[in-house]
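**Student:** Dropping a prediction and its sequence here:
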Amino acid sequence: MAKLLVIGGSGFFGKSILSAFKRELLHPWGVNNVAIVARRASQLAIDHPELVGANIELLDLDIGITKIIPDADYIIHAAASTNAANYLSQPQVERDNIQAATYNFCRLIQGKQNSPKIVYTSSGAVYGQQDSGLEFLSESAPLRPVESLAINKRDYALAKRDAEGAIQKLGLQGFCVSIARCFAFVGPYLPRDQHFAIGNFIGDGLLGKSIKVSATKPVYRGYMYADDLVKWLMTIAHSSGPQCPIYNVGSADAVEIRELAEQVGNYFGVNIDAAEINNPEVDRYVPSVEKAFAELGLRIENDLSTSISKTAEQIQSA
């Protein structure tokens with residue numbers, strides 16, 4: 001049997017992993033114990049008691065400064081704020097936090113006697129702004145200057161690039177590491193009051209409110225359901241090695257944001273209030289996942305319609 005350590009486990013990724021564990025979706029990897037490391041991990045027991053229970057440890061540790069982390073067979077490093085507002089108001093602080101969380105983790109791992117399989121959750125933001133004429137971003141795509149990104153994404157992208165380099169150095173030292181470049185997701189624990197469009201749409205639908213789309217240009221995203229995300233991260237972790245393989249994680253099934261709003265609106269029976277398109281510039285953020293398909297045999301089990309209904313049903317049943 002195996003132990004899984006989730007660093008930065010109090011956010012969407014960590015909650016989705018705990019939910020999957022509680023529903024026995026981690027059995028293929030023999031995981032029978034999960035430890036969550038976060039600054040306020042114990043708050044999960046108060047805010048989400050459905051996610052805690054036997055064989056789950058909640059450890060209040062700041063990975064940027066802690067001197068200890070528990071041993072584990074698998075490690076998913078997901079420590080980073082994804083709140084876009086923070087990257088506008090305090091970009092250097094958020095960048096420093098991501099770097100400290102990675103550097104200190106790398107120091108701690110080098111002192112371990114065991115050899116865990118590690119996956120670092122990076123971001124598709126490392127590629128820079130996707131060229132509007134490029135349908136999918138592949139792992140071999142060149143990294144464009146971060147100045148191509150919206151200002152609130154630049155420090156995040158730089159920090160993630162830097163963190164990837166630190167993880168790759170662990171591989172050069174013989175550690176089993178991998179990198180998951182994550183894109184867009186949907187699930188019951190995705191925030192419904194931040195910059196995640198699908199989360200906000202579902203939040204409005206749950207309240208019976210009209211769904212507002214403010215974008216004035218075409219916006220394309222592909223959305224992966226939380227359970228698929230967890231299975232992909234575990235599979236990538238299992239494939240870790242000194243060569244540090246890199247895989248995109250997300251859905252290549254792109255949907256324009258107005259169509260997304262319509263799908264969510266139709267599910268909840270609410271109206272759509274969409275701004276007219278007056279800017280022909282296309283905002284596309286869609287991964288190629290052919291590498292994960294070909295090398296790891298991964299597939300996406302939940303299409304967008306199923307993902308929306310499952311997300312709504314889980315929220316409503318909570």
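**Tutor:** Here it is on my side, so go on. Predicted model only: the values in this text are computed from it and were never measured.
**Student:** which residues are contacting the strand or helix carrying Val6?
**Tutor:** Using DSSP states H and E, the element containing Val6 is strand 2-7. The list of residues contacting strand 2-7 from outside it, by Cβ atoms under 8 Å, 6 or more residues apart in numbering, reads 13-14, 17-18, 21, 26, 29-38, 63, 69-79, 101, 105, 116, 234. Bear in mind the C-beta positions are built from the backbone N, C-alpha and C, glycine included.
**Student:** ditto for stretch 21-35
**Tutor:** 1-6, 17-18, 20, 50-51, 53, 55-57, 59, 70, 72-74, 227, 230-231, 234, 237-238.
**Student:** Straight-line length of it, end to end?
**Tutor:** Using Cα to Cα, to the nearest Å, the end-to-end distance of stretch 21-35 comes to 11 Å.
**Student:** same question, stretch 118-127
**Tutor:** For stretch 118-127, the first-to-last residue distance is 22 Å (Cα to Cα).
**Student:** thinking again about what came up before, would you mind giving me the ChimeraX syntax to select the buried ones in the contacts of strand 2-7?
**Tutor:** To isolate the buried members of these in ChimeraX, using 16 or more other Cβ atoms under 10 Å:
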select :13,14,17,18,21,26,29,31,33,34,35,36,37,38,63,69,72,73,74,75,76,77,78,79,101,105,116,234
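**Student:** Inside helices: which ones of the contacts of strand 2-7?
**Tutor:** In helices, judged by DSSP state H, the following of these are found: Phe13, Gly14, Ile17, Leu18, Phe21, Ala101, Phe105, Met234.
**Student:** Of those residues, which pair is most distant in space?
**Tutor:** Farthest pair in the ones in helices among the contacts of strand 2-7 (Cβ to Cβ) is Phe21 and Ala101. Separation: 22.4 Å.
**Student:** Bridge partners for the residue nearest to Glu57 when sequence neighbours are not counted, pull those for me.
**Tutor:** The shortest distance from Glu57 to any non-neighbouring residue, by Cβ to Cβ, 6 or more residues apart in numbering, is to Ala35 (4.2 Å). With DSSP bridges applied, the residues forming beta bridges to Ala35 are Leu5, Glu57.
**Student:** I'd like to know how far the residue nearest to Pro70 when sequence neighbours are not counted sits from Ala2.
**Tutor:** Closest residue to Pro70 apart from its sequence neighbours, by Cβ to Cβ, 6+ apart: Ala35 at 5.3 Å. According to Cβ to Cβ, to the nearest Å, Ala35 stands 12 Å off from Ala2.
**Student:** Kindly report the same for Ile246.
**Tutor:** For Ile246 relative to Ala2 (Cβ to Cβ), the value is 23 Å.
**Student:** who's more crowded, these two?
**Tutor:** Ile246 (19 against 16; other Cβ atoms under 10 Å).
**Student:** Identify the bridge partners of that one.
**Tutor:** According to DSSP bridges, the partner residues bridging Ile246 are Ile179.
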